[in-house]
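A.B. asks: predicted model, plus sequence, below.
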Amino acid sequence: MSEKDLRFNSKTIHGGQQPDKAYGAVMPPIYQTSTYAQTTPGGHQGFEYSRSGNPTRTALENSLASIESGSYGLAFASGLAAMDAVIKLLEPGDEVVSTNDLYGGSYRLFKQVFEKYGIKFHFIGMQDLSFIESHINEKTALIWVETPTNPMMNVIDLKGVAHLAKKHQVLLAVDNTFATPYLQRPLEFGADIVMHSATKYLGGHSDVVVGALVVKDKDLADKLYFIQNASGAVCGPMDSFLVLRGIKTLHLRMQRHCENGKAIAAYLSNHPKIEKVYWPGLEDHPNHQIAKDQMKDFGGMISFVPKGSSFTDAVKIVENLKLFTLAESLGGVESLAGHPASMTHASIPKEEREKSGVVDALIRLSVGIEDVEDLIADLDQAIS
């Protein structure tokens, strides 16, 4: 059976992979080397220096391309390093239309690093396609999308945005970290670039920091490969090995994340002390139908606001959690809780945060794969 005939669950294990040619190792070995012997100047077996390429990283990149329905994968030292490479495709004077409630580190990279080089960023709500189009002009070079967004769980119509990008001949990049390719594959909807903080669900065990890009177009891939090598923000072989190992159980973990997420979203929605719950699987979610159309399930990321809660009240709740760990990041097997206003989104000015709904009382959960009854009991004692 050829790889193109494999279904997703099989691709997580076999996609882009083959036994090691040296000794037939089933798992790709960790090639912990910086350089490679050459028989003559320029004469090597495909690898010459590990910034440019490493067999373990290549195995990861092949897996990433396979599970995202792409042709070329690139692995980086972090998700922000992967984003950095995408923005380096642009030139001074170019403009970017971006989601307004995106990850705080993405906002910081755009505003505090790249804006001073003459690239202009527009941060807008993307639920209305006509509103997106009204921000596209002759200088627009890229549309940057998160869906579901971090932390408001807004869902953006990938097929509709891809149509706009093609119509105006601009690149479309999608941060697929929250959904993972188990739930949606943006390249199949017409995106040009898919980005991941592979630190999160792809790695899945909170033990590695890696970023990823996947594309279909060879010319675009070549440009990104050049930036990857020239800038040097690559991940090491051990990091590559850990993410590759995580991918092999992605489908199993995501099933449980989704099951637990559904139960906790229902619990919070019916709790008398909770004012608002943000989860794409709820029928009152503004873009629930689009989520149903483009996602296989609704994920394990949930945000909520307690009734009459202040900054201090929200902090007290997350401090009182016992099984949920108060920590940055998401997507691991263990459940995490965060306070976006003081943690992941603290780099965004308060007035900008609140425009998109990131109020001081907002709490974000990364629902893990524990017994959901234990997770609900923990939330109940902390909220009560």
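C.D. replies: Nice, thanks for sending it over. Numbers count the residues shown, from 1 in each chain.

A.B. asks: could you point out which element follows the lowest-mean-pLDDT helix or strand in the chain?
C.D. replies: Least confident helix or strand, the chain: helix 350-355 with a mean of 82, by mean pLDDT, DSSP states H and E. Using DSSP states H and E, the next helix or strand after helix 350-355 towards the C-terminus is strand 363-366.

A.B. asks: in its sheet, what does that next one sit against?
C.D. replies: If you go by DSSP bridges, strand 363-366 pairs up with strand 301-306 (antiparallel), strand 336-338 (antiparallel).

A.B. asks: which parts of it are buried?
C.D. replies: Neighbour-count burial for strand 363-366, counted by 16 or more other CB atoms under 10 Å, picks out 363-366. Backbone N, C-alpha and C define where each C-beta goes, glycine included.

A.B. asks: strands of the stretch 151-300 of the chain, residue ranges please.
C.D. replies: Using DSSP state E, counting those that start in this stretch, the strands of the stretch 151-300 of the chain run over residues 171-175, 193-197, 211-215, 274-278.

A.B. asks: with just CA atoms, put the last one into CSV.
C.D. replies: Included here for strand 274-278 are C-alpha records, laid out as CSV according to Å, rounded to 0.1, in the frame of the first residue of the first chain:
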residue,chain,number,x,y,z
ILE,A,274,-19.8,30.6,35.3
GLU,A,275,-20.8,33.5,33.0
LYS,A,276,-19.4,32.5,29.6
VAL,A,277,-17.7,29.4,28.1
TYR,A,278,-15.7,29.5,24.9
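
A.B. asks: which one of the buried residues of strand 363-366 sits closest to residue 142?
C.D. replies: residue 364 (26.6 Å; CB to CB).

A.B. asks: wait, doesn't that closest one sit right on residue 337?
C.D. replies: Yes. Between residue 364 and residue 337 there is a contact at 7.2 Å, judged by CB atoms under 8 Å.

A.B. asks: what are the bridge partners for the spatially most distant residue from the centre of the chain, then?
C.D. replies: Distance from the C-alpha centroid of the chain peaks at residue 40, with 41.9 Å (CA atoms, centre = their mean). With DSSP bridges as the criterion, residue 40 is bridged to residue 43.

A.B. asks: which pLDDT value goes with it?
C.D. replies: pLDDT for residue 40: 91.

A.B. asks: how far away is it from residue 298?
C.D. replies: Distance from residue 40 to residue 298, counting by CB to CB, to the nearest Å: 56 Å.

A.B. asks: flag the shaky bits of the chain, pLDDT-wise.
C.D. replies: 1 (pLDDT under 70).

A.B. asks: so where do the helices sit in it?
C.D. replies: 8-14, 55-67, 79-87, 104-108, 129-133, 158-167, 180-183, 218-231, 237-247, 250-269, 288-294, 311-320, 350-355, 372-383 (DSSP state H).

A.B. asks: for the ones you listed, which one sits closest to residue 119?
C.D. replies: Per CB to CB, nearest to residue 119 of the helices of the chain: helix 79-87, 6.9 Å.

A.B. asks: residue 146 touches residue 99, doesn't it?
C.D. replies: Yes. Between residue 146 and residue 99 there is a contact under CB under 8 Å: 4.8 Å.

A.B. asks: show me the common contact partners of the two, please.
C.D. replies: Residues touching both residue 146 and residue 99 (CB atoms under 8 Å, 6 or more residues apart in numbering): residue 156.

A.B. asks: ok, residue 200 - contacts?
C.D. replies: 79, 177-178, 329-332.

A.B. asks: excluding its backbone neighbours, what's nearest it?
C.D. replies: Nearest residue to residue 200, sequence neighbours excluded (CB to CB, 6 or more residues apart in numbering): residue 331, at 3.1 Å.

A.B. asks: wait, residue 180 touches residue 201, no?
C.D. replies: Yes. With contact defined as CB under 8 Å, residue 180 reaches residue 201; the gap is 4.6 Å.
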